[in-house]
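> heads up, no residue letters with this:
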């Protein structure tokens, strides 16, 4: 193994063991760093300390000519910068070759969202079979709590507290956050639990052979329900997360609370919990989210 490849392998081990990055994130890092390593090898470099900014710019320019979009090139440079920061800490390089390298400017596109009526129509599916009951709970939880697909399919019943209407999720970078569960999601999850009579450690949304339901299955079911419910936008799991954030922010105007509820990487869980009172987040949620409020008797 070359010195270049050895350093990349040790960095990936660092991300896996010490940072506890998810498998998908590690795959993305490995792919981007393989591109960087191949470029360095074509230049005849034997060690990373020989890499300078100009060859890195030529790599970005080459990938751009090959059709990579600006967003993808930002991912490439982000992986490179993380790697170079690690090399600096390890004393393997003396300067960051990516310090002054920029990717093409991103064109910011607002995510598509469902309006409140469309979201309600989509999630209010008839829960008259075991599978449709599971799907109803899945849809309600996506929209009620703004979960990512990976967060939802990994949930166990231990993660859900229907007494307090809270769900604990393991987000990106293995960071845990606690978010509210709306009343409609509560009803669907309670019905699902009564039907399945699961053990506390059991998966909320199991697939075949006791494994978590696959992302492809979730996407296929959402697409099918959108068609049958007459929602003609392209529906996918993250669309419900976008809709959750948009509707909550539109009603509350509290960007900081929405960032916390979404678990965005730029505000870490521990930092936000030292500055924001959870009851404030719960009040924002209860006051603003269209499916959070319980009907008064």
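Ah, there it is. Computed from a prediction, not measured in an experiment: that's the story for all the values here.

> so when I look at residue 142, I'm seeing a helix, right?
Yes. Under DSSP: H, G, I helix; E, B strand; the rest coil, residue 142 sits within a helix.

> What helix or strand is the closest residue to it other than its chain neighbours located in?
Spatially, and ignoring its direct neighbours in sequence, residue 142 is nearest to residue 240 (4.0 Å; Cβ to Cβ, 6 or more residues apart in numbering). Placement of C-beta: from N, CA and C, glycine included. Per DSSP states H and E: residue 240 is located in helix 237-252.

> got it, and residue 117?
Secondary structure assigned from DSSP H and E places residue 117 in helix 116-123.

> Next, residue 206: phi, psi?
Recorded main-chain torsions at residue 206 are phi -80, psi 150, according to degrees, to the nearest 10.

> Ignore what I typed, I meant residue 101.
Main-chain torsions, residue 101, degrees, to the nearest 10: phi -100, psi 130.

> quick one: it and residue 38, what's the gap?
Distance, residue 101 to residue 38, using Cβ to Cβ, to the nearest Å: 17 Å.

> who has more neighbours, these two?
Taking neighbours as other Cβ atoms under 10 Å, residue 101 and residue 38 compare with residue 101 leading, 17 against 12.

> quick one, strands of the chain?
160-161, 166-170, 176-180 (DSSP state E).

> What is the first one packed up against?
The elements that strand 160-161 packs onto, with contact taken as 3 or more Cβ pairs under 8 Å, 6 or more residues apart in numbering; DSSP states H and E, are strand 166-170.

> Neighbours of residue 139, how many?
Burial of residue 139, expressed as a neighbour count using other Cβ under 10 Å, amounts to 28.

> now swap in the one 4 residues further on and tell me
Neighbour count of residue 143, defined by other Cβ under 10 Å: 26.

> and what of residue 220?
The tally of other residues near residue 220 (other Cβ under 10 Å) stands at 11.

> and the gap between it and residue 244?
Residue 220 sits at a distance of 21 Å from residue 244 (criterion: Cβ to Cβ).

> try residue 115
From residue 115 across to residue 244, the span is 13 Å (Cβ to Cβ).

> more neighbours, those two?
Between residue 115 and residue 244, counting by other Cβ under 10 Å, residue 244 is the more crowded of the two (27 against 12).

> wait, what's in contact with the more buried one?
Counting by Cβ atoms under 8 Å, 6 or more residues apart in numbering, residue 244 touches 142, 143, 144, 145, 146, 289.

> quick one, what contacts the fourth one?
Spelled out, it's residue 145. 167, 169, 179, 180, 181, 182, 185, 244, 261.

> Now with 10 Å, please.
Listed by Cβ atoms under 10 Å, 6 or more residues apart in numbering, the contact set of residue 145 reads 151-152, 165-167, 169, 178-182, 185, 240-241, 244, 261-262, 285, 289, 292.

> what's the answer for the last one, then?
For residue 289, the residues meeting the contact criterion (Cβ under 10 Å, 6+ apart) are 143-146, 180, 182-183, 244, 247-248, 251-252, 261.

> Restricted to buried residues, select these in ChimeraX.
Listed next is the ChimeraX selection for buried residues among these, using 16 or more other Cβ atoms under 10 Å:
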select :143,144,145,146,180,182,183,244,247,248,252,261
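
> How about residue 133: what's its closest non-neighbour residue?
Residue nearest to residue 133 in three dimensions, not counting chain neighbours: residue 127, with 4.2 Å by Cβ to Cβ, 6+ apart.

> so that neighbour makes contact with residue 190?
No. In this structure residue 127 lies outside contact range of residue 190 using Cβ atoms under 10 Å: 11.6 Å.

> Next, show the common contact partners of those two.
residue 137.

> State the number of residues packed around residue 240.
28.

> I figured it hits residue 222, correct?
Yes. Counting by Cβ under 10 Å, residue 222 is a contact partner of residue 240 at 8.0 Å.

> Find the residues that touch each one of these two.
With Cβ under 10 Å, 6+ apart as the test, residue 240 and residue 222 both reach 122, 138, 139, 142, 149.

> For the last one, give me its contacts.
Residue 149 is in contact with 142, 215, 218, 219, 222, 236, 237, 238, 240, 241, counting by Cβ under 10 Å, 6+ apart.

> now the nearest residue to the second one once chain neighbours are set aside: how far from residue 123?
This points to residue 215. Spatial nearest neighbour of residue 215, excluding adjacent residues (Cβ to Cβ, 6+ apart): residue 149 at 5.6 Å. To residue 123, residue 149 is 16 Å away according to Cβ to Cβ.

> So which residues of the stretch 1-150 of the chain form helices?
Assigned helices in the stretch 1-150 of the chain, in chain order: 3-13, 23-42, 53-65, 70-89, 116-123, 130-145, 149-153 (criterion: DSSP state H, counting those that start in this stretch).
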